[in-house]
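[1] My questions are about this predicted structure, shown below with the sequence.
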Amino acid sequence: MSKRQPKLPTELIKGNTKTLVLAILREGPSHGYAITHEIESRTLGAVQFRQGTLYPLLHEMEREGWVLGEWAVFGDERPKKVYTITPAGIEEFERCIDTWNRLSQAIQSVTGVLPHEQTS
């Protein structure tokens with residue numbers, strides 16, 4: 001079992017929240033709580049979203065046409081809005097990843113540190 005990671009600073013996550021959500025939705029439809037849980041789980045707690053952050057983002061992504069939200073009922077539970085990535089959302093995800101890769105390479109060029117290297 002992997003060790004829980006310290007939470008990353010909010011300012012580092014803000015510009016990448018959309019990328020993380022789209023990455024989860026590329027794997028299949030999901031509702032908001034499941035998206036936040038999956039991101040927190042995969043990052044070992046380093047990235048955590050409050051629902052007050054995630055839902056406005058999902059609504060914005062709907063307006064942009066990157067995701068489609070539809071209400072669904074699961075057993076006896078309250079209806080949940082399930083989000084599915086659209087073809088435009090896949091294109092946006094690819095743009096985000098390209099931007100992230102260019103930023104990562106630029107930082108590596110300046111710092112001389114490769115990913116997973118320890119600085120001493």
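    Perfect, I can see it now.

[2] Restricting to C-alpha, output stretch 19-37 in CSV.
    Backbone C-alpha positions of stretch 19-37 (Å, rounded to 0.1, in the frame of the first residue of the first chain) are rendered in CSV as follows:
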residue,chain,number,x,y,z
THR,A,19,-6.9,18.4,-17.1
LEU,A,20,-7.3,16.0,-14.2
VAL,A,21,-11.1,15.9,-14.5
LEU,A,22,-10.9,15.3,-18.3
ALA,A,23,-8.3,12.5,-17.7
ILE,A,24,-10.8,10.7,-15.4
LEU,A,25,-13.7,11.2,-17.8
ARG,A,26,-11.6,9.8,-20.7
GLU,A,27,-11.9,6.4,-18.9
GLY,A,28,-15.7,6.6,-18.7
PRO,A,29,-18.7,8.5,-17.4
SER,A,30,-18.6,9.5,-13.7
HIS,A,31,-20.4,11.7,-11.2
GLY,A,32,-18.7,14.5,-9.2
TYR,A,33,-18.0,12.7,-6.0
ALA,A,34,-16.5,9.7,-7.9
ILE,A,35,-14.3,12.1,-9.9
THR,A,36,-12.9,13.8,-6.7
HIS,A,37,-12.4,10.4,-5.0
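
[3] What mean pLDDT does it get?
    Stretch 19-37 shows a mean pLDDT of 96 in the predicted model.

[4] now that stretch, how far from the centre of its chain.
    7 Å (Cα atoms, centre = their mean, to the nearest Å).

[5] And for stretch 96-114?
    19 Å.
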